[in-house]
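> The following comprises the amino acid sequence and a computationally predicted model.
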There are 2 protein chains.
Amino acid sequence: MKVLLAEVNVSEGRNADSIEKMRSALMRDGAIRLMEVNSDKDHNRTVFTYSGEPQAILEGTKRLAKSAIDLIDMKVHSGAHPRMGAVDVVPFIPARDVSNEEALEIARAFGKFLGELGVPVFYYEEAATRPERKSLVDIRKGEYEALAEKMKTETWKPDEGPHAFVAKSGATVTGVRFPLVAFNVNLATDDLDVGKQIVKAVRGATGGYQHVRAIALAIPGKKMVQVSMNLTNYTKTPIHRVFETIKSEAESRGVRVVDTELVGPIPVMALEDVMKFYLRCYHVSMEQLY
Amino acid sequence: MKVLLAEVNVSEGRNADSIEKMRSALMRDGAIRLMEVNSDKDHNRTVFTYSGEPQAILEGTKRLAKSAIDLIDMKVHSGAHPRMGAVDVVPFIPARDVSNEEALEIARAFGKFLGELGVPVFYYEEAATRPERKSLVDIRKGEYEALAEKMKTETWKPDEGPHAFVAKSGATVTGVRFPLVAFNVNLATDDLDVGKQIVKAVRGATGGYQHVRAIALAIPGKKMVQVSMNLTNYTKTPIHRVFETIKSEAESRGVRVVDTELVGPIPVMALEDVMKFYLRCYHVSMEQLY
């Protein structure tokens, strides 16, 4: 069965009535598996995470986006999280039996739909049409407030929709990205330096694993230090390898791993290597799961 | 999302045309995820394994069973595997978010359907209506050939359908059972005795884990011995615990575990304990998977 994931970030995190309207628009046809609705009042932002067959995801995302664009007015939006549109960012994430190409088709069909609704759309990550628009951070620089000026330049000609500033909706970023795994390891120490040394050892930017982004945090109430990570490609940098490295680095410093956390949605395929490594079942496939 | 599994055993393993007709009856509405179709010519038997939402499973199983009853004539059936009906055994297996009660309702709705088609039906396992009809082996004793005599007695009054021998269809056993995990461990030895000692250590019948059934087999071409197991309740006797016990028992005899095999469908919930144990992520839930 094909499974595509969508993670829709909308610029509304306070009005419960609006959030409920968006949710029910999304869920209308019963073909969507809603995984999480995470609203943050300070950010004034809600993230809808859901999965399903690719066509069902496309249709559900259209309904959700249409509802968000009707309900949200960016002219009066404020919030702590960076944003530039009512429907701010929509990554599509291939989860099971969905190729990159198929996910790209869905992202482009969604972009076209928004463009036809009159919203300027930029494709990012795997769907980017220019290298300088690959990263969300680059595209969103200056946020909503900078959009009017940016839209006057040729560099910011959108991939879909009008080449003009649209005050009510702002602009939307959509595309395809690889599934992330959010993985935290808690260490039995209150010495943040140990955490920082281990971060240095495992993250790509400082010579560690290519697809690890990491920071060290103190967890004061618990006398623990957390190595908080995003694994950006679990096929090339698998969970168990990062875990075993952290365990041995910690133990060489006389520090025990208390526990770990896998946070939020987990792509089932990321468990395959864990099973193979620990249980030595080298031929198991997550396709066997039910 | 609710997931129910069905494993339909029909008494036809040779006529490819009939098997294809049954398969296509099952799949007609696109709501079934077919996991395996396993036909055996010697057994003259096919096992269809599939999953989906409970109501979709009920409807698909009705279509498959109707087709099998039309196509198979037990009067002329022969094969090496024990059997007593065209639709021989149909266990429904709760996989995700389906309670035992809900699975029982599906099994009983299916039994009623078959009964109305004129097939005698016996409920077994969790659905059994008498203790002596809990085990499939007990119900099927004497096979199809003994049915005519058995059906004359009060003991063999069926739970659904006519209290009479029906020559063409035979009788069907259906019910609800807990998911099995088929788990094999391969040892680097050609000494079958080591395998037998380890079987004795881990299986319930000889003082080992309550929910382990096990045998030892020589794998001649490979100079290996296999401990071949069914874990009949992975929540109470989890995979990793059995694996670690076998590993330590083997190592104390100077024997290495080469690898392991998880065979056939695996209930996703069985991986939860594996993840928790090895990665120490004690709060992970398989509900996070997509």
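It's in.

> Is the residue with the largest distance to the centre of chain A in a helix, a strand, or coil?
No residue in chain A sits farther from the centre than A:G254, which is 35.0 Å out by C-alpha atoms, centre = their mean. Secondary structure, DSSP: H, G, I helix; E, B strand; the rest coil: A:G254 is coil.

> and if you look at A:E145?
Following three-state DSSP, the label given to A:E145 is helix.

> Where does the residue in the stretch 101-250 of chain A positioned nearest to chain B sit, in terms of helix or strand?
With distances taken as C-beta to the nearest C-beta, the stretch 101-250 of chain A approaches chain B most closely at A:F243, which sits 5.7 Å away. Backbone N, C-alpha and C define where each C-beta goes, glycine included. A:F243 belongs to helix A:239-252 when elements are defined using DSSP states H and E.

> what's the pLDDT at the nearest residue in space to A:L71 that is not next to it in sequence?
Closest residue to A:L71 apart from its sequence neighbours, by C-beta to C-beta, 6 or more residues apart in numbering or on different chains: A:S18 at 4.6 Å. At A:S18, the pLDDT value in this model is 97.

> I'd say A:S18 and A:I69 touch.
No: assessed by C-beta atoms under 8 Å, A:S18 is found out of contact with A:I69, at 11.6 Å.

> what does chain A put close to chain B?
Residues of chain A lying close to chain B by C-beta under 8 Å from any C-beta of the partner chain are A:1, A:3, A:5, A:33, A:35, A:51, A:95-96, A:239-240, A:243, A:257-262, A:264-268, A:271, A:274-275, A:278-284, A:288-290.

> Sort out for me which of those residues are in helices.
Per DSSP state H, helices hold the following members of these: A:239-240, A:243, A:271, A:274-275, A:278-279.

> As a markdown table, the residues you listed with pLDDT and neighbour count would be great.
Putting these into a markdown table (pLDDT from 0 to 100; neighbours: other C-beta atoms under 10 Å in any protein chain shown) gives the following:
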| residue | pLDDT | neighbour count |
| --- | --- | --- |
| A:I239 | 98 | 23 |
| A:H240 | 98 | 17 |
| A:F243 | 98 | 21 |
| A:L271 | 95 | 28 |
| A:V274 | 97 | 21 |
| A:M275 | 97 | 23 |
| A:Y278 | 98 | 19 |
| A:L279 | 97 | 24 |
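
> returning to that earlier point: are any of the residues of chain A next to chain B buried, and if so which?
Buried members of these, counted by 16 or more other C-beta atoms under 10 Å in any protein chain shown: A:3, A:5, A:33, A:35, A:51, A:95-96, A:239-240, A:243, A:257-262, A:265-268, A:271, A:274-275, A:278-281, A:284, A:288-290.

> The residue nearest to A:L71: how many residues sit nearby?
Neighbour count for A:S18, taken as other C-beta atoms under 10 Å in any protein chain shown: 18.

> can you pull the contacts of the residue of the stretch 1-150 of chain A found nearest chain B?
Closest residue of the stretch 1-150 of chain A to chain B, C-beta to the nearest C-beta: A:S51 (4.5 Å). By C-beta atoms under 8 Å, 6 or more residues apart in numbering or on different chains, the contact set of A:S51 is A:3-6, A:32-33, A:35, A:57, A:95, A:265, B:290.

> run the last query once more with 6 Å
Neighbouring residues of A:S51 by C-beta atoms under 6 Å, 6 or more residues apart in numbering or on different chains: A:3, A:5, A:33, B:290.

> residue contacts, the first one?
Spelled out, that is A:V3. A:V3 sits next to A:51, A:95-96 when contact means C-beta under 6 Å, 6+ apart.

> Sitting in strands, which of these do you find?
If you go by DSSP state E, the contacts of A:V3 have A:51, A:95-96 in strands.

> so what's the residue of the stretch 101-250 of chain A closest to chain B closest to, chain neighbours aside?
B:L279 (5.7 Å).

> Show me where chain A dips below the pLDDT cut-off.
Along chain A, no part satisfies pLDDT under 70.

> What segments of it are strands?
For chain A, applying DSSP E gives strands covering A:3-10, A:33-40, A:45-52, A:87-96, A:121-125, A:172-176, A:181-187, A:212-219, A:224-231, A:257-263.

> Pull up the pairing partners for the third one, direction included.
Based on DSSP bridges, the pairing partners of strand A:45-52 within the sheet are strand A:3-10 (antiparallel), strand A:33-40 (antiparallel).

> The last one: which residues count as buried?
If I follow you right, that is strand A:33-40. Quick answer for strand A:33-40 (16+ other C-beta under 10 Å): A:33, A:35, A:37, A:39.

> Run through who's touching it.
Here strand A:33-40 makes contact (C-beta under 6 Å, 6+ apart) with A:13, A:19, A:46-52, A:265, B:1.

> again, but for stretch A:175-182
By C-beta under 6 Å, 6+ apart, stretch A:175-182 touches A:91-93, A:103-104, A:107, A:123-127, A:230-231, A:233-234, A:263-264, A:267, A:270.

> Repeat that for stretch A:218-234.
So stretch A:218-234 is in contact with A:178, A:180-187, A:189-190, A:192, A:195, A:198-199, A:211-217, A:237, A:270, going by C-beta under 6 Å, 6+ apart.

> List the buried residues in it.
Along stretch A:218-234, these residues count as buried under the neighbour rule (16+ other C-beta under 10 Å): A:224-229, A:231-232, A:234.

> Just name the closest of these to A:K152, please.
A:T232 (34.0 Å; C-beta to C-beta).

> Please report how far the closest one lies from A:F243.
16 Å (C-beta to C-beta, to the nearest Å).

> How many neighbouring residues does A:D193 have?
A:D193, neighbours per other C-beta under 10 Å, totals 11.

> do the same with A:T153
A:T153 has 9 nearby residues by other C-beta under 10 Å.

> So for stretch A:208-216, first residue to last residue, what's the gap.
For stretch A:208-216, the separation between the terminal residues is 15 Å (C-alpha to C-alpha, to the nearest Å).

> Next: stretch A:183-191.
The first and final residues of stretch A:183-191 sit 20 Å from each other (C-alpha to C-alpha).

> hmm, who's touching it?
Stretch A:183-191 is contacted by residues A:223-229, A:231, A:239, A:246, A:250, A:255-262 when judged by C-beta under 6 Å, 6+ apart.

> how about the nearest residue to A:V10, chain neighbours excluded?
A:V10 sits nearest to A:A68 (C-beta to C-beta, 6+ apart), 4.4 Å away.
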